[in-house]
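[1] pasting the sequence and the predicted coordinates here, then a few questions.
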Amino acid sequence: MPASVDLTGLQATFDVARVRADFPALHQSIYDGRPLVYLDNAATTQKPQVVIDRIRDFYLRENANVHRGVHYLSQHASDAYDEARRLVADFIGAPDPSQIIFTRGTTESINLVAATYGRQHVGAGDEIVLSAMEHHSNIVPWQMLCEEKGARLRVVPVDDRGVLDLEALEHSLTERTRLVAIAHVSNALGTVNPVREIIQLAHARGIPVLVDGAQAVQHLPVNVAELDCDFYCFSGHKMYGPTGIGILYGKAELLEAMPPYQGGGDMIERVTFERTTYNRLPYKFEAGTPHIAGAIGLGAAVTYLNGLDRTAIARHEDELLRYATERLQEVPGLRLVGTAPHKVSVLSFVLDGVHPYDAGTLLDQMGIAVRTGHHCAQPLMDRLGLSGTIRASLALYNTREEIDALVKALHRVIRMLR
Amino acid sequence: MTVPTNDTIEARASQIVEEFALFDDWMDKYEYLIELGKSLPPIEPEYKTEAFRIHGCQSQVWIRPEFREGRVYFRGDSDALITRGLVALLIRVLSGQPPEAIVNARLDFLDEIGLKAHLSPTRKNGLAAMIEQMRRYAQAYLQASRN
């Protein structure tokens, strides 16, 4: 039982110290005894003990393949796997668990849609609309599809603050648009895009929308039914779950009409050498033995988050983001990159006369984990005229003290490098 | 120009090991590496081209070789100071040495100064790529001089 879950049934208030106690990886010193300050949560989050225990217990006692065996363990593993799917469906407000496809991660979810729905619906001269702030994983699969089909990408610009030009997006929607693919939250800047409005604009023209939610589900309440998005993709490991497991949510009628992604076991109904008929949803899209432990671990992460007061988490993260934004301005020559009015978690910045790589290396020496570079968003960096930034990204377990440590370390970095 | 016979890669490397041994603290070692980076003479802008660029680094790195009187001379540069410090270390050890010595150099000194754990090839500083490229240049000169 996580220490942060209040069993009294009273409204749990958010106690960051108690939450931190749930995450063993946070309590270590690195190099010569420097306490770890983990601020690379947009890359991946640490895992609570309950997730680690759940995966270990699965391999200790429950391991068997799913959906195939008649035996006790297989039934048990299948039940746990299906239960994880149900937990994820509830977590994002999906109408039915069969609309939740387990993938390897956001990247595979997007590739799945490009390879199935995309191949089916995109032809020569067609267009796919995306934004200038997309992660490479929401650019390259579409680019590959466009190359194959003779279609093209239309890129919606962002302004200097990292805010999407909604008017330009509306203008880019034409009768040739086959799909809008858009990040819910920018991984490099933290900008929260108005996906609900975007979906309404697109739907008014009969255009479906895929939302890359990899940086959103861990920070914002997401309800796919209310959003009315056609596809929603995210990763387990960025929301306190294990790596190697991700989600594709799709509207049932779209998923039903899509051809399978990969062929193999579990995705079939009947196979003969002449013809194969495919299994029902979601199994049609889950060929081969799935990442059972990963799915069950993700289910445990969802249960963990459900046990916390998510409104209180959002408040804590928002206060921390504001505090960090303020404190970082004290650092001489620091310029924040990404100052959208509505943002979460991410503090991207550059330091005058300091290469991000140098800053990242020295921060690491001081025990502070940040990301440096282009953050898999090279077109965005080009747009902003930068080769890269330093990115600190926050999670529910980060504290003001850690921000103070970052600011102090940055002062030292500047003294050393200027 | 004659190079003293004791001016080997090993001799130069052990001098660097001694210098780094003066610092106990990691940050001091980095401070020294940064100083070395700052004092490395820059490459002329006309050589900062794709042809001399080393890939595999988060920062940009250029290494330019020259072959004179049976020895390989290197100049190098980077837009990041720590990377520049690494370039300076490699140049100090390898530049002006015969190609055969460069090809066979063991470069254990990077381990000995303790920087290797901190600057391992899996980190995106391009250290491994730089060494590989310098060796490749030396190998090419070696081949050319044998033909």
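    Here it is on my side, so go on.
[2] can you list the weak-confidence ranges in the stretch 151-300 of chain A?
    By pLDDT under 70, the stretch 151-300 of chain A has no low-scoring segment.
[3] just the strands in it please.
    Assigned strands in the stretch 151-300 of chain A, in chain order: A:152-156, A:177-183, A:209-212, A:231-235, A:246-250, A:268-271, A:276-278 (criterion: DSSP state E, counting those that start in this stretch).
[4] looking at those strands, which is nearest to chain B?
    Smallest distance to chain B across the strands of the stretch 151-300 of chain A (CB to the nearest CB): 22.1 Å, for strand A:231-235. To be clear about C-beta, it is placed using only N, CA and C from the backbone, and glycine gets the same treatment.
[5] what distance do you get for the residue of chain A found nearest chain B to A:Gly373?
    Relative to chain B, the nearest point of chain A is A:His355 (3.7 Å; CB to the nearest CB). In this view, A:His355 and A:Gly373 are 11 Å apart by CB to CB, to the nearest Å.
[6] please say which of these two ends up with more neighbours.
    Higher neighbour count among A:His355 and A:Gly373: A:His355, with 25 against 20, using other CB atoms under 10 Å in any protein chain shown.
[7] can you tell me which residues contact the residue most central in space within chain A?
    For chain A, the residue whose C-alpha lies nearest the mean C-alpha position (CA atoms, centre = their mean) is A:Ala214; its distance is 1.4 Å. Applying CB atoms under 8 Å, 6 or more residues apart in numbering or on different chains, we find A:Ala214 in contact with A:105-106, A:135, A:137, A:183, A:187, A:233-235, A:238.
[8] closest one of the residues you listed to A:Leu410?
    Nearest to A:Leu410, judged by CB to CB, of the contacts of A:Ala214 is A:Asn187 at 21.5 Å.
[9] so what's the closest one up against?
    Taking CB under 8 Å, 6+ apart as the criterion, A:Asn187 is in contact with A:42, A:135, A:214-215, A:346, A:375-377.
[10] do that again at 7 Å, thanks
    Residues in contact with A:Asn187 (CB atoms under 7 Å, 6 or more residues apart in numbering or on different chains) are A:42, A:135, A:214-215, A:375, A:377.
[11] of the residues you listed, buried ones?
    A:42, A:135, A:214-215, A:375, A:377 (16 or more other CB atoms under 10 Å in any protein chain shown).
[12] make JSON lines from these and add distance to A:Gln49 to it.
    Shown next, in JSON lines, are those (distance: CB to CB, whole Å):
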{"residue": "A:Ala42", "distance to A:Gln49": "22"}
{"residue": "A:His135", "distance to A:Gln49": "30"}
{"residue": "A:Ala214", "distance to A:Gln49": "24"}
{"residue": "A:Gln215", "distance to A:Gln49": "24"}
{"residue": "A:His375", "distance to A:Gln49": "29"}
{"residue": "A:Ala377", "distance to A:Gln49": "33"}
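[13] nearest to A:Gln28, of those?
    Using CB to CB, A:Ala42 comes nearest to A:Gln28 of the buried ones among the contacts of A:Asn187, at 20.7 Å.
[14] wait, doesn't that closest one sit right on A:Ala392?
    No. In this structure, A:Ala42 is not within contact of A:Ala392 by CB atoms under 7 Å, at 9.0 Å.
[15] what's the helix or strand for A:Leu130?
    Under DSSP states H and E, the secondary-structure element containing A:Leu130 is strand A:127-131.
[16] next SSE after that strand?
    For strand A:127-131, the following helix or strand on the C-terminal side (DSSP H and E) is helix A:140-149.
[17] what about residue 49, how many residues nearby?
    Since no chain was named, I'll use chain A. Residues lying near A:Gln49 (other CB under 10 Å) number 17.
[18] nope, chain B
    11.
[19] ok, it to chain A distance?
    Remark: distance between B:Thr49 and chain A (CB to the nearest CB, to the nearest Å) = 17 Å.
[20] excluding covalently adjacent residues, which one is nearest to that residue?
    Nearest non-adjacent residue to B:Thr49, counting by CB to CB, 6 or more residues apart in numbering or on different chains: B:Trp62, 7.6 Å away.
[21] format the strands of the stretch 151-300 of chain A as CSV; extra columns: mean neighbour count and distance to chain B.
    Output for the strands of the stretch 151-300 of chain A, formatted as CSV (neighbours: other CB atoms under 10 Å in any protein chain shown; distance: least, CB to the nearest CB, whole Å):
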stretch, mean neighbour count, distance to chain B
strand A:152-156, 18, 25
strand A:177-183, 24, 23
strand A:209-212, 26, 24
strand A:231-235, 29, 22
strand A:246-250, 28, 24
strand A:268-271, 12, 41
strand A:276-278, 13, 41
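[22] now render those strands as TSV, adding distance to A:Val413.
    Below are those laid out as TSV (distance: least, CB to CB, whole Å):
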stretch	distance to A:Val413
strand A:152-156	34
strand A:177-183	30
strand A:209-212	32
strand A:231-235	30
strand A:246-250	35
strand A:268-271	56
strand A:276-278	55
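[23] what about A:Asp358, how many neighbours?
    Applying other CB under 10 Å, we find 28 other residues in the vicinity of A:Asp358.
[24] tell me which parts of chain A are close to chain B?
    The interface of chain A toward chain B, taken as CB under 7 Å from any CB of the partner chain, is made up of A:31-32, A:355, A:357-358, A:361-362, A:365, A:372-373, A:416-417.
[25] rerun that using 8 Å as the cut-off
    For chain A, the residues in contact with chain B (CB under 8 Å from any CB of the partner chain) are A:31-32, A:355-358, A:361-362, A:365-366, A:372-373, A:388, A:412, A:416-417.
[26] out of these, which end up buried?
    The neighbour-count test (16+ other CB under 10 Å) marks A:355-358, A:361-362, A:365-366, A:372-373, A:388, A:416-417 as buried among the residues of chain A next to chain B.
[27] which of these fall in helices?
    Per DSSP state H, helices hold the following members of those: A:356-358, A:361-362, A:365, A:416-417.
[28] how about the residues of chain B near chain A?
    Residues of chain B lying near chain A by CB under 8 Å from any CB: B:26-27, B:30-31, B:34, B:57-59, B:79-83, B:118, B:124-125.
[29] which helix or strand contains residue 86?
    Looking at chain A here, since you left the chain open. Counting by DSSP H and E, the element that carries A:Arg86 is helix A:72-91.
[30] the intended chain is chain B.
    Under the criterion of DSSP H and E, B:Leu86 resides in helix B:81-94.
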